[in-house]
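A.B. asks: after the sequence you'll find the predicted model.
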There are 2 protein chains.
Amino acid sequence: MTQTVERRLTPKGEATRTRILDAAIDLIAAHGVSGTSTEQVRQAAGVSGSQLYHYFATKRALISAVITRQADAGPCAPPLGALDSLEALQAWADAAVERQQVTGGRCDLSTLAAELSTGDPSSRGEIREGYERWRAVLQAGLRAMRDRGELRPDADLDELALALLTALQGGSLLARTLGSAEPMRASMHAALAYVRSHATPAAL
Amino acid sequence: MTQTVERRLTPKGEATRTRILDAAIDLIAAHGVSGTSTEQVRQAAGVSGSQLYHYFATKRALISAVITRQADAGPCAPPLGALDSLEALQAWADAAVERQQVTGGRCDLSTLAAELSTGDPSSRGEIREGYERWRAVLQAGLRAMRDRGELRPDADLDELALALLTALQGGSLLARTLGSAEPMRASMHAALAYVRSHATPAAL
């Protein structure tokens, strides 16, 4: 449904919708979902009430779009189809640490997940879908590595994908709370070392 | 200050305070901090408004006590001073996975951290203190292992402690969102393997 609406937007309409979403993401990063009102979003985006209503009739619709955006292209979302080598995984991990240092942890689904995982079931479902997509990207990359003989045949790809995803999200959560990128650095370092421990000698 | 108040409580008073805290923890696990009102806590605990006010004059005071309780003795808090061997760490990891299976993820500071890390600075400070305490427990255990020659002299204890903590919190967050204990199992397995990769041959 969202896609149908987006397809119909003029370039100007799309720019307005993007401006509203950007404002919502900034405010949620600073104050959480429950601490962000649509009126604050409206003011920050510099749009009228009727414009906001046109693109997002309810706060629920706005939050849904924020979740989709963060899952699709959030700062820490895995690049689609590219995480299929130890080098690519290392670059992804390095980028996650760097973004944590630069942005102080606006990274992503983890804030939304934690705040909304106890709330509205449909938000939780959308966040779950986002995570499942990330997990699938990681699994596909690891499978390609195993197929090329870079990971051992007995490597548990489901477990490796989850180890990478939990490291990213746990690192993000702790880094934000402790106000330091060190937790992200440690979690990604440990997860990458775990993946490497399943590599064949040829891949190292 | 909280301790002073607790010290003065009669056994009956302490039981009432505990009942209120238990009710708050249950409600927050189900609906989040922002989705839980003091009136709901009052009803669930079966106390009067004046009783609730006597123990927790504000919602802020109640949340503060919930954070302290979860940090001190939350289901996933490391047992004080006991995580000083590979066996003890493994038992802690196994217990975290089992609790995730049994309770479906009421485990802990991660819900509070994620919801409150974007909100009130004093709550964030209390959660940070809780994490710092857990980190110190893990570091002390790892240091004891290194001193006994079970971890290599060059093992980075800060990094290992953070790897264990982020695994616990990332595992908890993903497990709760995906509705499965598998993320916790994968994250703890990977983190323990990382610690083991720093063990001396004698310890394995």
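C.D. replies: In hand now; what should we look at?
A.B. asks: is there proximity between stretch A:131-146 and chain B?
C.D. replies: Yes: for stretch A:131-146, a contact with chain B is found by CB under 8 Å from any CB of the partner chain, at A:131, A:132. (Each C-beta comes from the backbone N, C-alpha and C, glycine too.)
A.B. asks: in that stretch, what's buried?
C.D. replies: Under the neighbour-count criterion of 16 or more other CB atoms under 10 Å in any protein chain shown, stretch A:131-146 has A:131, A:134, A:135, A:137, A:138, A:139, A:140, A:141, A:142, A:145, A:146 buried.
A.B. asks: adding secondary structure and pLDDT, write those out as JSON lines.
C.D. replies: Formatted as JSON lines, the buried residues of stretch A:131-146 follow (DSSP: H, G, I helix; E, B strand; the rest coil; pLDDT from 0 to 100):
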{"residue": "A:131", "secondary structure": "helix", "pLDDT": "88"}
{"residue": "A:134", "secondary structure": "helix", "pLDDT": "87"}
{"residue": "A:135", "secondary structure": "helix", "pLDDT": "91"}
{"residue": "A:137", "secondary structure": "helix", "pLDDT": "88"}
{"residue": "A:138", "secondary structure": "helix", "pLDDT": "92"}
{"residue": "A:139", "secondary structure": "helix", "pLDDT": "94"}
{"residue": "A:140", "secondary structure": "helix", "pLDDT": "92"}
{"residue": "A:141", "secondary structure": "helix", "pLDDT": "93"}
{"residue": "A:142", "secondary structure": "helix", "pLDDT": "95"}
{"residue": "A:145", "secondary structure": "helix", "pLDDT": "95"}
{"residue": "A:146", "secondary structure": "helix", "pLDDT": "96"}
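A.B. asks: can you report how many residues lie near residue A:22?
C.D. replies: 15 (other CB atoms under 10 Å in any protein chain shown).
A.B. asks: how about residue A:155, secondary structure?
C.D. replies: coil (DSSP: H, G, I helix; E, B strand; the rest coil).
A.B. asks: now the one 10 residues further on
C.D. replies: Reduced to three states with three-state DSSP, the structure at residue A:165 is helix.
A.B. asks: these two touch, right, it and residue A:138?
C.D. replies: Yes: between residue A:165 and residue A:138 a contact is recorded at 6.4 Å, counting by CB atoms under 8 Å.
A.B. asks: follow-up on the earlier one: and which of the buried residues of stretch A:131-146 is nearest residue A:40?
C.D. replies: Among these, residue A:131 lies closest to residue A:40 (CB to CB), at 27.5 Å.
A.B. asks: how far away is the closest one from residue A:88?
C.D. replies: Distance of residue A:131 to residue A:88, given as CB to CB, to the nearest Å: 20 Å.
A.B. asks: ok, now residue A:127?
C.D. replies: Distance from residue A:127 to residue A:88, by CB to CB: 25 Å.
A.B. asks: phi and psi next, for residue A:151.
C.D. replies: Phi and psi for residue A:151, reported as degrees, to the nearest 10, are phi -110, psi 150.
A.B. asks: so residue A:112 is in contact with residue A:124, correct?
C.D. replies: No: using CB under 8 Å, residue A:112 makes no contact with residue A:124, being 9.9 Å away.
A.B. asks: which of these two has more residues huddled nearby?
C.D. replies: residue A:112 (27 against 20).
A.B. asks: what about whichever strand or helix holds residue A:91, near chain B?
C.D. replies: Per DSSP states H and E: residue A:91 is located in helix A:86-103. No: shown here: helix A:86-103 not in contact with chain B (CB under 8 Å from any CB), separated by at least 11.8 Å.
A.B. asks: what helices or strands is that helix leaning on?
C.D. replies: helix A:121-147, helix A:157-178, helix A:182-196 (3 or more CB pairs under 8 Å, 6 or more residues apart in numbering or on different chains; DSSP states H and E).
A.B. asks: so for that helix, mean pLDDT?
C.D. replies: On average, the pLDDT along helix A:86-103 is 87.
A.B. asks: now that helix: buried residues?
C.D. replies: Going by 16+ other CB under 10 Å, helix A:86-103 has these buried residues: A:86, A:88, A:89, A:92, A:93, A:96, A:97, A:99, A:100.
A.B. asks: do the same with stretch A:13-30
C.D. replies: Neighbour-count burial for stretch A:13-30 flags A:16, A:17, A:19, A:20, A:21, A:23, A:24, A:25, A:27, A:28, A:29 (criterion: 16+ other CB under 10 Å).
A.B. asks: now the angle from the helix or strand in which the fifth one is found to helix A:86-103?
C.D. replies: Counting by DSSP H and E, the element that carries residue A:21 is helix A:11-31. Using axes from the mean of the first three to the mean of the last three CA atoms, to 10 degrees, the inter-axis angle of helix A:11-31 relative to helix A:86-103 is 70 degrees.
A.B. asks: does helix A:11-31 reach chain B?
C.D. replies: Yes: using CB under 8 Å from any CB, we find that helix A:11-31 touches chain B at A:28, A:29, A:30, A:31.
A.B. asks: continuing past that helix, what's the next helix or strand?
C.D. replies: helix A:38-45.
A.B. asks: mean confidence score for that next one?
C.D. replies: Averaging pLDDT along helix A:38-45 gives 95.
A.B. asks: check the offset of it from the chain's centre.
C.D. replies: Centroid separation for helix A:38-45 versus its chain: 23 Å, with CA atoms, centre = their mean, to the nearest Å.
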